[in-house]
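Novice: Kindly return the folded structure for what I paste below:
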Amino acid sequence: MKESELKLVSELIKNSRRSDRELARVIGVSQPTVSRNIKKLEKEGVIKEYTMIPDFSMLGYEIMAVTFISINPKLGPQEADKARATAHELMKEAPGNIIMLERGIGLNRTAAFISFHKNYSDYTRFIQQCKQASTTQAFVQENVESFLINLKDKVRYRRLTLRVLADHILGINEQKK
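Specialist: Numbers count the residues shown, from 1 in each chain. Okay, the predicted model is just below:
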């Protein structure tokens with residue numbers, strides 16, 4: 001990726017509401033170059049969506065949960081395909097509080113999801129539904145564990161932000177040179 005494209009992505013991560021003209025001024029290229037690069041990056045899938053990050057506690061959420069699960073390793077290819085299809089269906093039916101579900105490795109788990117909840121009771125109901133659905137379908141093993149974050153806690157270390165990541169992207173590019 002060109003340096004000007006990386007700078008553009010970084011600036012859009014920091015604030016996607018800026019005009020192409022303002023982005024061009026900050027990056028040091030022409031406005032048509034910015035417009036052309038944005039269209040190119042959208043087409044290539046580098047830019048997936050434009051969004052903002054709210055203060056979730058002000059929207060009524062008290063808990064953010066990072067939940068770790070283990071996908072049953074004994075599933076054959078057809079069973080795994082069925083499990084993925086079932087997971088997609090469950091995600092459609094699930095409340096809109098699951099913002100990410102991905103496979104991965106670590107902590108003796110093979111997948112994780114992030115969800116937001118109004119309170120602890122809401123979280124408890126939600127996790128019981130998840131456990132019941134996964135047990136019924138036999139694609140998740142019983143070891144479902146969550147790390148809960150109190151969004152109303154007054155002591156905060158670094159709130160969810162992508163600004164740091166935006167600067168990191170540029171730092172990595174500088175190290176390559």
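Novice: Give the other helices and strands that the worst-scoring helix or strand of the chain on mean pLDDT contacts.
Specialist: Ranking every helix and strand in the chain by mean pLDDT, DSSP states H and E puts helix 77-93 at the bottom, with a mean of 76. In this structure, helix 77-93 packs against strand 98-106, helix 120-137, with contacts taken as 3 or more C-beta pairs under 8 Å, 6 or more residues apart in numbering; DSSP states H and E. In short, each C-beta sits where N, CA and C put it, glycine included.
Novice: and the ones you listed, which is most packed in?
Specialist: A comparison of those by mean neighbour count, using mean count of other C-beta atoms under 10 Å, puts helix 120-137 on top with a mean of 15.
Novice: For that helix, the averaged confidence score.
Specialist: Mean per-residue pLDDT for helix 120-137: 81.
Novice: Would you mind writing the CA trace of that helix as PDB?
Specialist: Output of helix 120-137 as PDB, limited to C-alpha atoms (Å, rounded to 0.1, in the frame of the first residue of the first chain):
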ATOM      1  CA  TYR A 120     -25.400  -8.200  34.900                       C
ATOM      2  CA  SER A 121     -28.800  -9.900  34.800                       C
ATOM      3  CA  ASP A 122     -29.100  -9.200  31.100                       C
ATOM      4  CA  TYR A 123     -25.600 -10.700  30.700                       C
ATOM      5  CA  THR A 124     -26.500 -13.800  32.700                       C
ATOM      6  CA  ARG A 125     -29.600 -14.500  30.600                       C
ATOM      7  CA  PHE A 126     -27.700 -13.900  27.400                       C
ATOM      8  CA  ILE A 127     -24.800 -16.300  28.300                       C
ATOM      9  CA  GLN A 128     -27.300 -19.000  29.400                       C
ATOM     10  CA  GLN A 129     -29.000 -18.800  26.000                       C
ATOM     11  CA  CYS A 130     -25.700 -19.100  24.300                       C
ATOM     12  CA  LYS A 131     -24.700 -22.100  26.400                       C
ATOM     13  CA  GLN A 132     -28.100 -23.700  25.800                       C
ATOM     14  CA  ALA A 133     -28.000 -23.100  22.000                       C
ATOM     15  CA  SER A 134     -24.400 -24.300  21.600                       C
ATOM     16  CA  THR A 135     -25.000 -27.400  23.800                       C
ATOM     17  CA  THR A 136     -28.100 -28.300  21.800                       C
ATOM     18  CA  GLN A 137     -26.100 -28.000  18.500                       C
END
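Novice: what's in contact with it?
Specialist: Helix 120-137 is contacted by residues 62-63, 65, 67, 69, 83, 86, 90, 95, 97, 115, 117, 140, 142, 144, 146, 148 when judged by C-beta atoms under 8 Å, 6 or more residues apart in numbering.
Novice: which residue of this structure sits farthest from its center?
Specialist: In terms of distance from the mean C-alpha position of the chain, Ser30 ranks first, at 31.8 Å (C-alpha atoms, centre = their mean).
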